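Undergrad: pasting the structure only:
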């Protein structure tokens, strides 16, 4: 009895790349060999710990926080974008703003890039590629309509660009595409009642509707780490608002961070109540990247078995709570080693849970 398990999000960068990025701009051509080395090392290590799906690790900076991703997702060099957009809740105590669209048209140019193509060439396992949700970029449009470029035209351009990006990823060889819907936690911080979130979910639903049922089985949605200190005010209580809407999206795969949740059973009950059948496969977080300790395989087994008590096995998978990053008090090499140790525990613990369930 197999329970699929997959990585999600960025990984800590190798020490050499971290050191170089401290003194060089991310697009400096001299960094290209280091990016390639990081990607190669990531693929090799993921396959060495037994990962059935691999990623490029997002070593090339493209926004470790989703709002940085918005600012860099095809916006560089656009004359019709300014920096004084929607004010955000404090990010780890620092005030931030999204960019603001000044005029139309809006055509973000981010596409499946060289790193994806290289990952596909290097990997012996299927490759998962991450793209930004169209809902995140929708927040760039100002409150009042722009002259000659109404909101409806902007959203049409946005959906066209998102569809093109996902299809380009598939054409470049990605087996799976992960939609980063981390703006869901911003919506909860700005509007705990959920009306803003409802609008963002609707837009992402329109994007998913552009793909066939078979294509949607290969598309996943990740809503961000609820309760993480990335956005002050995004509390763990957001599960009651988020999960019912998230599970109605016509994606084939949904990731739900649970390992670091204050009350994972409460979230699992919500999943059981709102999960369509048939419906998406729910990949629950069973390791917590922000926890400096390394989970044991037995801990992962127990978390997986707990989830299996609420989610049908044919709809259950496991993952990490969120991507790993370069933050922390220890050195870069230690952070990277710890990330792969946690992923090994996830893989081994998920296999233990599957074996246990198979004996019942």
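TA: Perfect, thanks for sending it. All values reported here derive from a predicted model rather than from experimental measurement.
Undergrad: shaky segments in the stretch 51-200 of the chain?
TA: Within the stretch 51-200 of the chain, the ranges that satisfy pLDDT under 70 run 62-79, 89-95, 108-113.
Undergrad: can we see that at 50?
TA: Low-confidence segments of the stretch 51-200 of the chain, defined by pLDDT under 50: 63-65, 74, 77.
Undergrad: was I right to think residue 247 contacts residue 253?
TA: No - under the criterion of C-beta atoms under 8 Å, residue 247 makes no contact with residue 253, lying 11.5 Å away. Just so you know, the C-beta spots here come from the backbone N, C-alpha and C atoms, and that holds for glycine as well.
Undergrad: quick one, which of those two is more surrounded?
TA: Using other C-beta atoms under 10 Å as the criterion, residue 247 and residue 253 rank with residue 253 on top: 25 against 20.
Undergrad: identify the bridge partners of that one.
TA: Per DSSP bridges, the residues bridged to residue 253 are residue 220, residue 281.
Undergrad: so which residue is dead centre in this structure?
TA: Centroid-nearest residue in the chain: residue 180, 3.9 Å away (criterion: C-alpha atoms, centre = their mean).
Undergrad: residue 128 versus that residue, what's the distance?
TA: Residue 180 sits 12 Å away from residue 128, going by C-beta to C-beta, to the nearest Å.
Undergrad: what's the end-to-end length of stretch 119-135?
TA: End-to-end span of stretch 119-135 (C-alpha to C-alpha, to the nearest Å): 27 Å.
Undergrad: now find how far off-centre stretch 291-305 is within its chain.
TA: Centroid separation for stretch 291-305 versus its chain: 21 Å, with C-alpha atoms, centre = their mean, to the nearest Å.
Undergrad: how about that stretch: buried residues?
TA: Neighbour-count burial for stretch 291-305 flags 294-295, 297, 299-305 (criterion: 16 or more other C-beta atoms under 10 Å).
Undergrad: pick the one among those closest to residue 115.
TA: Nearest to residue 115 among the buried residues of stretch 291-305, counting by C-beta to C-beta, is residue 294 at 27.3 Å.
Undergrad: settle this for me: that closest one is touching residue 339, isn't it.
TA: No - at 9.5 Å, residue 294 does not count as touching residue 339 under the criterion of C-beta under 8 Å.
Undergrad: where do the helices sit along the stretch 51-200 of the chain?
TA: Secondary structure of the stretch 51-200 of the chain (DSSP state H, counting those that start in this stretch): helices at 66-72, 114-122, 134-138, 151-171, 183-190, 195-208.
Undergrad: figure out which of these is closest to residue 13.
TA: Closest to residue 13 of those, according to C-beta to C-beta: helix 114-122, at 12.9 Å.
Undergrad: pretty sure the residue nearest to the centre of the chain contacts residue 134?
TA: No - with contact defined as C-beta under 8 Å, residue 180 does not reach residue 134; the gap is 10.9 Å.
Undergrad: bridged to the residue nearest to residue 166 when sequence neighbours are not counted, which residues?
TA: The spatially closest residue to residue 166, leaving aside those adjacent along the chain, is residue 177, at 5.3 Å (C-beta to C-beta, 6 or more residues apart in numbering). Counting by DSSP bridges, residue 177 is bridged to residue 129, residue 219.
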